[in-house]
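Peer 1: Turn this into a structure:
(one chain, ligands or ions: 1)
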Amino acid sequence: MSDEHPILEMRDIEKSFGAISVLKKVDFTLQRGEVHALMGGNGAGKSTLMKILTGVYSMDAGTIAVEGQPIRLHDANDAKRAGIAMIYQEFSLIPTLTVGQNILLNHEPRAGSLFLNDRAANRLARSILEDLGEDLNPNTLVSDLSAGMMQMVEIAKALSQKAKILVMDEPTASLSEHETETLFKIIRKLKAAGISIVYISHRMAEIFELCDRVTVMRDGQIRMTEPCANLTIPQLVETMLGASSASEFTWHDRHKEFHGEPLVKVRGLAMPPRVVDVSFDIHPGEIVGLAGLMGSGRTEIAEAIFGRRTPAAGEILIDGKPVSDQKHAIDSGIAMVPEDRRRMGLVLDHSVQSNMMAPNLDRFSNGIFVSDTNASGVIERLIGRFGIKTSSPAKAARLLSGGNQQKIVISKWLIRNPRLLILDEPTIGVDIGAKGEITAQIRELADAGTAILLISSELEELLAVSDRMLILHEGRIVQNIQRRDITSEEELHHAVQGHLIAQADPVHAA
Ligand SMILES: Nc1ncnc2c1ncn2[C@@H]1O[C@H](COP(=O)(O)OP(=O)(O)OP(=O)(O)O)[C@@H](O)[C@H]1O
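Peer 2: Residues are numbered from 1 along each chain as shown. Take a look at the predicted model:
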């Protein structure tokens with residue numbers, strides 16, 4: 001095929017859902033070997049555009065050409081045949097099958113034999129993984145892999161199907177720092193091999209580190225396509241949000257000392273195999289960040305405090321009394337925003353409004369909530385404050401973009417004024433405007449006396465709001481760092497990196 005044409009040209013793409021126009025004459029091009037960032041606020045239309053490209057949705061109008069040849073995409077198989085692949089996170093792999101078998105799945109039958117056999121699949125898997133620089137045994141069960149390795153298998157699977165265009169939607173959302181570095185190395189290799197990548201992310205630093213060009217969408221339209229080298233972060237944020245909006249993502253010392261009786265006391269907590277012996281306190285009004293890798297036991301600790309998990313040993317005391325179960329935890333004023341918000345935090349078929357009201361019904365009904373307001377007034381203000389993009393509060397939550405679903409779950413707990421709020425990865429998938437808003441809300445709550453336990457894989461986020469940071473490693477708290485003792489992000493990287501890298505990559509370490 002000729003090199004004169006871009007590998008991909010999408011022209012005048014239009015898409016409406018009912019009366020709502022979600023894509024308006026969108027143009028998007030991708031060059032061979034390019035890593036092209038697709039950015040935009042929650043609900044801007046990024047996923048919809050990529051679902052059209054991967055054959056999941058059909059477009060209402062427009063044209064798509066691959067290497068100059070017009071193509072028609074009726075379903076996902078058409079996209080696959082055109083060399084277009086979406087890299088899903090772990091969810092699309094079958095955990096009970098091996099790496100080789102997963103790569104073999106969905107392969108078109110070859111001449112002579114109906115399917116590739118296991119040995120052939122393993123050979124293919126091994127050679128692709130070696131090309132990617134990954135020394136992973138194809139006989140390994142997928143359920144034994146870390147999130148990062150699963151993603152690697154997804155990429156290998158796409159390459160085995162001769163994909164030329166890879167779409168990655170927030171690929172680092174569930175990766176540790178170390179796994180992210182590995183992914184970036186692989187993306188650079190793919191690029192050098194002429195593979196083209198559409199890279200969706202809300203993380204600015206990644207875009208500037210990795211991408212050649214960036215396209216910004218807002219309200220279903222393309223607002224800008226530029227080489228990253230010509231841009232600064234503030235310019236990018238302004239184009240995305242439509243106005244200069246200072247993000248509240250910088251730390252300021254709250255000049256508070258936390259002495260006296262803690263609200264939460266965790267003592268000798270053990271939940272084998274991950275949590276061995278964990279003890280810490282949180283005082284009213286204190287923001288404590290918990291750092292550690294995915295799989296280091298952070299979520300288990302959070303769930304134990306929330307009464308959702310029974311520890312094998314140790315105790316958790318709120319106001320000096322042990323937490324017995326989740327009902328008791330909620331009655332004691334503990335709230336938790338779970339990491340897996342789509343599954344645990346939302347009823348997808350219910351409306352935006354009923355989802356937001358669910359944990360707050362008591363407040364709406366007995367009138368101690370916000371004095372002069374009724375529920376819908378409060379909900380509408382929240383929708384405005386968090387920039388939740390929905391045509392109406394009555395819309396079903398499932399029809400909102402991923403980032404907007406996240407905002408619903410977070411906002412409904414933030415308005416509750418809990419005594420202890422546990423936030424597990426609160427800003428994954430959330431756009432930069434809302435990140436600033438969530439950060440500001442966390443501070444406001446803490447200033448009013450709420451104790452906060454913040455779990456985050458993003459050091460930047462921990463640094464922005466924590467008063468104190470706990471580093472979790474091999475089931476124990478190995479460091480307890482006062483935020484004000486850290487003068488730069490690099491310093492925290494140095495402080496935590498030794499521990500984090502040592503425990504990364506469980507498969508390789510085994
Ligand atoms: N199946 C659907 N039915 C109705 N509306 C939909 C549907 N899918 C998406 N939308 C709407 O289309 C708009 C664009 O959503 P899309 O998922 O493309 O946004 P996005 O840019 O990917 O956002 P995010 O960063 O939050 O993932 C949103 O307002 C969303 O509510």
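Peer 1: CA atoms only: put the host helix or strand of L462 into CSV for me.
Peer 2: L462 belongs to helix 459-465 when assigned by DSSP states H and E. Below are the C-alpha coordinates for helix 459-465, written out as CSV (Å, rounded to 0.1, in the frame of the first residue of the first chain):
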residue,chain,number,x,y,z
LEU,A,459,1.8,10.3,43.2
GLU,A,460,0.8,13.7,41.8
GLU,A,461,-2.7,13.3,43.3
LEU,A,462,-1.4,12.1,46.7
LEU,A,463,1.0,15.0,46.8
ALA,A,464,-1.8,17.5,45.9
VAL,A,465,-4.0,16.8,48.9
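Peer 1: Not counting its own residues, what contacts it?
Peer 2: Under the criterion C-beta atoms under 8 Å, 6 or more residues apart in numbering, residues 177, 205, 248-251, 287, 289, 291, 426-427, 435, 439, 442-443, 452, 454, 456, 469, 483, 486, 489, 492-493, 496 lie in contact with helix 459-465. From N, CA and C alone the C-beta is placed, and that goes for glycine too.
Peer 1: what residue ranges in this protein score low on pLDDT?
Peer 2: 1-3, 89-91, 106-116, 243-249, 293-295, 341-344, 359-374, 489, 493-510 (pLDDT under 70).
Peer 1: gap between the two ends of stretch 472-480?
Peer 2: 9 Å (C-alpha to C-alpha, to the nearest Å).
Peer 1: Mind listing what's buried along it?
Peer 2: Within stretch 472-480, the residues scored as buried using 16 or more other C-beta atoms under 10 Å are L472, H473, G475, I477.
Peer 1: For the residue of the stretch 351-500 of the chain found nearest the ligand, give me its contacts.
Peer 2: In the stretch 351-500 of the chain, the residue that lies nearest the ligand is G403 (2.6 Å; C-beta to the nearest ligand atom). Neighbouring residues of G403 by C-beta under 8 Å, 6+ apart: G41, N42, G43, H202, G429, V430, D431, A434.
Peer 1: So which residues on the chain come close to the ligand?
Peer 2: Neighbours of the ligand within the chain, by C-beta under 6 Å from any ligand atom: 17, 22, 40, 42-48, 389, 399-404, 431.
Peer 1: Of those, grab the buried ones for ChimeraX.
Peer 2: Applying 16+ other C-beta under 10 Å to the residues of the chain next to the ligand leaves a buried subset, and the ChimeraX line that selects it is:
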select :22,40,42,43,44,45,46,47,48,389,399,400,401,402,403,404,431
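Peer 1: Next step: the residues of the chain next to the ligand restricted to strands.
Peer 2: Among these, the ones falling in strands (DSSP state E) are F17, V22, G40.
Peer 1: Quickly list what the last one is bridged to.
Peer 2: If I follow you right, that is G40. G40 has these beta-bridge partners by DSSP bridges: M217.
Peer 1: all strands of the stretch 51-200 of the chain, in order?
Peer 2: With DSSP state E, counting those that start in this stretch as the criterion, the stretch 51-200 of the chain has strands at 61-66, 69-71, 84-87, 165-169, 196-200.
Peer 1: With mean neighbour count as added columns, please give these in JSON lines.
Peer 2: As requested, those are exported to JSON lines (neighbours: other C-beta atoms under 10 Å):
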{"stretch": "strand 61-66", "mean neighbour count": "17"}
{"stretch": "strand 69-71", "mean neighbour count": "13"}
{"stretch": "strand 84-87", "mean neighbour count": "24"}
{"stretch": "strand 165-169", "mean neighbour count": "23"}
{"stretch": "strand 196-200", "mean neighbour count": "23"}
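Peer 1: need those in TSV with distance to A147, can you?
Peer 2: Output for the strands of the stretch 51-200 of the chain, formatted as TSV (distance: least, C-beta to C-beta, whole Å):
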stretch	distance to A147
strand 61-66	30
strand 69-71	32
strand 84-87	13
strand 165-169	14
strand 196-200	17
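Peer 1: Among those strands, which comes closest to L129?
Peer 2: Nearest of these to L129, taken as C-beta to C-beta: strand 84-87 at 15.0 Å.
Peer 1: Can you give the contact residues for that closest one?
Peer 2: 8, 50, 53-55, 66, 79, 151, 154-155, 158, 161, 163-169, 171.
Peer 1: picking that back up, narrow the contacts of helix 459-465 to just the buried residues.
Peer 2: For the contacts of helix 459-465, buried by 16+ other C-beta under 10 Å: 177, 248-249, 251, 287, 289, 291, 426-427, 435, 439, 442-443, 452, 454, 456, 469, 483, 486, 492, 496.
Peer 1: Restricted to strands, list those.
Peer 2: Counting by DSSP E, the buried ones among the contacts of helix 459-465 place I287, G289, A291, I452, L454, M469 in strands.
Peer 1: now the second one, nearest residue through space, not along the chain?
Peer 2: What it means is G289. S466 (3.4 Å; C-beta to C-beta, 6 or more residues apart in numbering).
Peer 1: The last one too?
Peer 2: Distances taken as C-beta to C-beta, 6+ apart put G289 closest to M469, at 4.2 Å, once the chain neighbours are dropped.
Peer 1: Look up how far Q221 lies from the one you found.
Peer 2: Noted for G289: a distance of 38 Å to Q221, by C-beta to C-beta, to the nearest Å.
Peer 1: residue boundaries of the helices in the stretch 401-510 of the chain?
Peer 2: 402-414, 432-447, 459-465, 489-502, 506-509 (DSSP state H, counting those that start in this stretch).
Peer 1: which residues does L166 form a beta bridge with?
Peer 2: A85, I197.
Peer 1: Hmm, it is touching L190, no?
Peer 2: Yes: the pair L166 and L190 passes the contact test of C-beta atoms under 8 Å, sitting 7.1 Å apart.
Peer 1: where do the contact lists of the two overlap?
Peer 2: In contact with both L166 and L190: I155, I197, using C-beta under 8 Å, 6+ apart.
Peer 1: so how many other residues sit close to K321?
Peer 2: 10 (other C-beta atoms under 10 Å).
Peer 1: do the same with L97
Peer 2: If we define neighbours as other C-beta under 10 Å, then L97 has 15 of them.
Peer 1: mind checking how far it is from P171?
Peer 2: For L97 relative to P171 (C-beta to C-beta), the value is 22 Å.
Peer 1: try G377
Peer 2: 40 Å.
Peer 1: do the same with D424
Peer 2: Relative to P171, and taking C-beta to C-beta, D424 is found at 20 Å.
Peer 1: Neighbour count: the two, which is higher?
Peer 2: P171 (26 against 23).
Peer 1: That one and G194, how far apart?
Peer 2: 20 Å.
Peer 1: H283 contacts K256, correct?
Peer 2: No: H283 lies out of contact with K256 (C-beta under 8 Å); the separation is 9.1 Å.
Peer 1: Spatially, which two of the ones in strands among the buried ones among the contacts of helix 459-465 are the most separated?
Peer 2: A291 and I452 (14.4 Å).
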